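Enquirer: Provided below for reference: sequence and predicted model.
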Amino acid sequence: MTKTVCVGMSGGVDSSVAAYLLKKQGYNVIGVTMQIWQDEDTQLTSENGGCCGLTAVDDARRVASKLDIPYYVMNFKDEFKKHVIDYFVDEYKNGRTPNPCIACNRYVKWEALLNRCMSIGGDYIATGHYARVIRLENGRYTLKVAKGVAKDQTYALYNLTQEQLSRTLMPVGEYSKDEIRDIANEIGLLVANKPDSQDICFIPDGDYAGYLEKEAGLSLPSGNFVDVNGNVIGRHKGIIHYTIGQRKGLGLSMGHPVFVADIRPDTNEVVIGENEDIFSDRLIADKVNFMSVDKLDKPMKVVAKIRYAHKGTPCTISMLDDNHVEVIFDEPVRAITKGQAVVFYEDDYIVGGGVICG
């Protein structure tokens, strides 16, 4: 019996080729664009060429027509506001640096989309992410680094559940970005050379603090810059303007480069330190999700990434309690940031991950 797969189509080249590859493999393919941040009367969304703008719908519809597959636009505005926007605002309010794309993947692009697709008879969902779904000998599903390692997106997908992974197809993970563009050109897709979206989709200009103040109504008061010993050395504009490791835009004249070493929402202080003050060999993470293993019974050697662009550092992980993991790095790492994800790898497979909390 032919299986049906709903492909989340962003209007970009990756998801477009994913739909083509799956149809070629014999699946009954349905194209779906998720309407998640789209107020038709605002200029912002019509100009935004990322996965949320009006151009995404236009491009995805054209691709679906070219591939001769059914195409639908599904409204996920409520889910997006609850799990992405509100979370994003709350994290900054609490002095943490969130990763909204990870939240969107887990709760919108997978949970909400999967439920909606199952309700219309779908067997799988698929996306254009550069990752590979693998079922291990122990029966568990995990993600393997994409063949096109330079574009690998497994870090942002560490939080998917076993049920979600069991119903997920990621055909693009077997190719490099150049190969995907070549396929798109070969089959005549107009989006073959469309640029990748770079910024958070609902903040296309990259001004996070401006968005938090203007759109979310979050205006936190100014406060003190302090050094690592607690001495006041200046005034900051509000904690939402800063993140760990930041050097530029501090407005401090110290005579040499200094960095944000900590953010203290309870006292409204931003701690400023030297370069060595932003290195650490330990962190604690909560909200842990394991993939390749069911749980961690004893310490384990892995490679951990503490941000999307981090190449990874060898470390040992161990459970402190049911939902907190301690990470001890073999060598200090730079700018460990609360609110960001730490993701554990073993032989290019995701072991699991969590949210940095200490």
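Expert: Great, that's in hand. As the structure is a prediction and not an experimental result, all values here were calculated from the model.
Enquirer: hey, where'd the helices end up in the protein?
Expert: Per DSSP state H, the chain carries helices over the ranges 13-24, 43-47, 54-67, 77-80, 86-93, 100-104, 113-119, 162-166, 177-186, 208-214.
Enquirer: any chance of CSV for the ones you listed, columns distance to Arg135 and mean pLDDT?
Expert: Placement of C-beta: from N, CA and C, glycine included. Below are the helices of the chain laid out as CSV (distance: least, CB to CB, whole Å; pLDDT from 0 to 100):
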stretch, distance to Arg135, mean pLDDT
helix 13-24, 18, 97
helix 43-47, 38, 43
helix 54-67, 28, 89
helix 77-80, 28, 91
helix 86-93, 30, 91
helix 100-104, 23, 91
helix 113-119, 18, 91
helix 162-166, 8, 97
helix 177-186, 24, 96
helix 208-214, 38, 84
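Enquirer: to Ile233, which of the ones you listed lies closest?
Expert: Distance to Ile233, taken as CB to CB, is lowest for helix 208-214 among these, at 21.1 Å.
Enquirer: output the closest one as CSV - backbone C-alpha positions only.
Expert: Listed next in CSV are the C-alpha coordinates belonging to helix 208-214 (Å, rounded to 0.1, in the frame of the first residue of the first chain):
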residue,chain,number,x,y,z
TYR,A,208,15.9,41.1,18.8
ALA,A,209,15.8,43.9,21.5
GLY,A,210,13.8,46.2,19.1
TYR,A,211,11.3,43.4,18.5
LEU,A,212,10.9,42.7,22.2
GLU,A,213,10.3,46.3,23.0
LYS,A,214,8.1,47.3,20.0
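Enquirer: what helices or strands is it leaning on?
Expert: helix 86-93 (3 or more CB pairs under 8 Å, 6 or more residues apart in numbering; DSSP states H and E).
Enquirer: pull out the buried residues from the helix it packs on.
Expert: Neighbour counts using 16 or more other CB atoms under 10 Å place Tyr87, Phe88, Val89, Glu91, Tyr92 of helix 86-93 among the buried residues.
Enquirer: how about stretch 293-312?
Expert: By neighbour count with 16+ other CB under 10 Å, stretch 293-312 contains the buried residues Val293, Leu296, Met300, Val302, Val303, Ala304, Lys305, Ile306, Arg307, His310.
Enquirer: that one: end-to-end distance?
Expert: Length of stretch 293-312, first residue to last, CA to CA, to the nearest Å: 20 Å.
Enquirer: quick one: it to chain centroid distance?
Expert: 17 Å (CA atoms, centre = their mean, to the nearest Å).
Enquirer: going forward can the numbers begin at 828, since that is how I track them
Expert: All right, first residue 828 from here; so that's stretch 1120-1139.
Enquirer: what residues does that stretch touch?
Expert: 926, 965, 967, 982-983, 1110, 1117, 1140-1146, 1152, 1154, 1156, 1160, 1162-1164, 1167-1173, 1178-1179, 1183 (CB atoms under 8 Å, 6 or more residues apart in numbering).
Enquirer: distance of Ala983 from Gly1100?
Expert: Ala983 is 29 Å from Gly1100, where distance means CB to CB, to the nearest Å.
Enquirer: what bits of the stretch 928-1077 of the chain have low per-residue confidence?
Expert: 1025-1026 (pLDDT under 70).
Enquirer: one more time with 80, if that's ok
Expert: By pLDDT under 80, the weakly predicted segments of the stretch 928-1077 of the chain are 1024-1027, 1029, 1031-1033, 1042-1043, 1046.
Enquirer: mind listing the strands in it by residue range?
Expert: 951-953, 958-962, 968-972, 995-996, 1050-1054, 1059-1063 (DSSP state E, counting those that start in this stretch).
Enquirer: quick one: residues in contact with the third one.
Expert: When contacts are defined by CB under 8 Å, 6+ apart, strand 968-972 is touched by residues 958-963, 979, 981, 984-985, 987, 989, 992-993, 1000, 1118-1119, 1172, 1175-1178.
Enquirer: how about the fifth one?
Expert: Outside strand 1050-1054, the residues that touch it by CB under 8 Å, 6+ apart are 1059-1063, 1065-1066, 1077, 1079, 1094-1100.
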